[in-house]
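> got a predicted model here, sequence first, then my questions.
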Amino acid sequence: MRRLLWVLPFIMLTCVVAADPPPTNPFGARQPVVGAWLRSGSRAPLRQLVIIVATHFKSYNEISAFSYTVERDASLTANDPVNDGVLVDFARQNNIRVIPTVSSTWDSTHIVNILRDAKLRAKHIEAIMQVARSPLVDGIDIDYENLPPSSRQAFTDFITLLAFHLHNEGKTLSVTVMPKVRDNDTSNLAAVYDYAALGQVADQIRVMAYEFHGKTGGPGANAPVWWMRQVMAYTASVVPSEKAILGIHLYGYDWGGKDTPALWWGDIQALKDKYAWRERYAEPDARGPVGEIEMQYTITRAPNCPADFPDCAPAYQERHTVWYVDARYVAEAWKIVKELNLGGIVMWRPGGEDPAIWDVLN
């Protein structure tokens with residue numbers, strides 16, 4: 001408001017001059033979501049979520065910290081209340097909507113039990129509503145993963161009931177779902193989500209459009225742009241497009257060692273400085289643009305043997321392949337949002353990304 005009051009006198013004192021018409025807004029009068037899932041990391045700087053948001057606070061209008069985990073008795077555990085409290089205060093002061101995420105653990109057995117048991121389900125909904133009733137909270141994001149296909153109707157019924165209670169309190173409901181390109185997608189992880197039914201009752205369907213090529217296989221692009229477009233085109237065909245939110249990844253994977261760790265963009269830049277490397281921006285394949293970057297580097301591994309140990313193995317070359325994304329990828333993702341008239345974009349997860357992505361989102 002202060003900025004507006006400063007600008008108005010200047011406008012009134014200037015002469016009327018011809019100006020180019022403003023660019024066409026593909027979203028009409030509505031403001032697209034620019035949001036992020038946030039989670040505290042083990043490294044000290046990553047624990048201060050408010051720092052991550054504050055650095056680019058003008059770019060966000062919505063944030064979802066992974067604030068609560070579901071317990072077996074249907075209650076919720078606050079994961080990092082002090083950190084979240086500071087983050088919420090900052091968000092409220094800067095007109096950023098606060099949509100805390102309630103998430104399941106990797107073992108979804110207790111979620112299945114809650115969905116099937118009417119008493120546990122009622123207790124669970126009340127636990128969520130206790131969070132939602134806070135005047136500092138704008139809504140709830142549900143992220144329940146690894147549910148079996150047999151829980152599809154029970155999950156839909158739960159979301160329908162939760163949406164009813166949240167809307168009665170003037171709060172919104174987002175549902176985070178695994179990606180698919182058709183309703184009968186062969187992916188068991190996505191089969192539990194009835195996109196069409198969920199889209200009728202929830203305010204947002206946030207699609208995690210990544211892990212097309214995960215860490216357990218060989219090296220490859222995590223989420224090619226052509227596939228991401230297929231996922232969101234299907235989503236927008238069964239969900240009102242303004243409710244469909246494109247979820248993108250900002251991390252990379254490093255194949256070649258004992259593990260396949262996820263790396264920040266900043267981590268990858270450090271690898272470039274340390275090792276000899278080759279890099280290429282992936283060319284489009286027969287299905288369309290890929291949008292990711294492939295990098296290769298080599299580490300010389302020498303066994304740690306005593307100097308007089310006669311049978312020490314010789315040094316060897318460990319070859320690594322990294323696939324990661326930068327601002328160009330985010331620009332391609334934003335094109336999809338505009339072309340399909342989606343509700344917006346949500347990122348997993350800022351904190352070590354290519355700084356140039358903020359020029360794209362701004």
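Noted; the coordinates are in hand. Since we're looking at a predicted model, the values are computed, not measured. Residues are numbered from 1 along each chain as shown.
> mind listing what's buried in stretch 211-224?
212-213, 219-224 (16 or more other C-beta atoms under 10 Å). For glycine as for every other residue, the C-beta is placed from the backbone atoms N, C-alpha and C.
> then stretch 233-251?
Residues of stretch 233-251 classed as buried: 234-236, 238-239, 242-251 (neighbour count, 16+ other C-beta under 10 Å).
> what about the residues you listed, which are in helices?
Using DSSP state H, the members of the buried residues of stretch 233-251 that fall within helices are 234-236, 238.
> looking at these, which is nearest Ile142?
Using C-beta to C-beta, Thr235 comes nearest to Ile142 of those, at 16.7 Å.
> which residues does the closest one contact?
195, 205, 207, 244 (C-beta atoms under 8 Å, 6 or more residues apart in numbering).
> who wins for neighbours among those residues?
When neighbours are taken as other C-beta atoms under 10 Å, the top entry among the contacts of Thr235 is Val207 (29 neighbours).
> other SSEs contacting the strand or helix carrying it?
Secondary-structure assignment from DSSP states H and E places Val207 in strand 204-208. In terms of contacts (3 or more C-beta pairs under 8 Å, 6 or more residues apart in numbering; DSSP states H and E), strand 204-208 is packed against strand 172-177, helix 195-201, helix 225-238, strand 244-249.
> again, only using 10 Å
Counting contacts by 3 or more C-beta pairs under 10 Å, 6 or more residues apart in numbering; DSSP states H and E, strand 204-208 is packed against strand 33-38, strand 139-143, strand 172-177, helix 188-191, helix 195-201, helix 225-238, strand 244-249, strand 344-348.
> got the CA coordinates for the fifth one in PDB?
Extracted in PDB, the C-alpha atoms of helix 195-201 (Å, rounded to 0.1, in the frame of the first residue of the first chain):
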ATOM      1  CA  TYR A 195      -8.000 -37.100  -9.800                       C
ATOM      2  CA  ALA A 196     -11.500 -36.300 -11.000                       C
ATOM      3  CA  ALA A 197     -13.200 -36.900  -7.700                       C
ATOM      4  CA  LEU A 198     -10.500 -35.200  -5.700                       C
ATOM      5  CA  GLY A 199     -10.600 -32.200  -8.000                       C
ATOM      6  CA  GLN A 200     -14.300 -31.700  -7.300                       C
ATOM      7  CA  VAL A 201     -13.900 -31.200  -3.600                       C
END
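> for that helix, which helices and strands make contact with it?
helix 152-168, strand 172-177, strand 204-208, helix 225-238.
> and what of the fourth one?
Applying 3+ C-beta pairs under 10 Å, 6+ apart, we find helix 188-191 packed against strand 204-208.
> mind listing the strands for the stretch 1-150 of the chain?
33-38, 62-70, 76-78, 97-98, 101-103, 139-143 (DSSP state E, counting those that start in this stretch).
> coming back round to it: got a markdown table for the ones in helices among the buried residues of stretch 233-251, with distance to Met129 too?
Shown next, in a markdown table, are these (distance: C-beta to C-beta, whole Å):
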| residue | distance to Met129 |
| --- | --- |
| Tyr234 | 32 |
| Thr235 | 28 |
| Ala236 | 30 |
| Val238 | 28 |
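> between the residues you listed, which sits nearest Gly85?
Thr235 (33.8 Å).
> how far away is that closest one from Trp348?
Shown here: Thr235 relative to Trp348, a distance of 17 Å by C-beta to C-beta, to the nearest Å.
> about what we covered before: determine which stretch of the helices and strands packed on strand 204-208 is the most buried.
strand 244-249 (a mean of 26; mean count of other C-beta atoms under 10 Å).
> following element in sequence after that strand, please.
Counting by DSSP H and E, what follows strand 244-249 is strand 252-255.
> packing partners of that next one?
Using 3+ C-beta pairs under 10 Å, 6+ apart: strand 252-255 touches strand 262-263, helix 265-274, strand 293-301, strand 316-324.
> quick one: strands adjacent to it?
The pairing partners recorded for strand 252-255 under DSSP bridges are strand 262-263 (antiparallel), strand 316-324 (antiparallel).
> now the ones you listed in CSV, please, with extra columns for mean pLDDT.
Converted to CSV, the strands paired with strand 252-255 look like this (pLDDT from 0 to 100):
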stretch, mean pLDDT
strand 262-263, 95
strand 316-324, 93
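> got these as a markdown table, with mean neighbour count columns?
Formatted as a markdown table, those follow (neighbours: other C-beta atoms under 10 Å):
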| stretch | mean neighbour count |
| --- | --- |
| strand 262-263 | 16 |
| strand 316-324 | 17 |
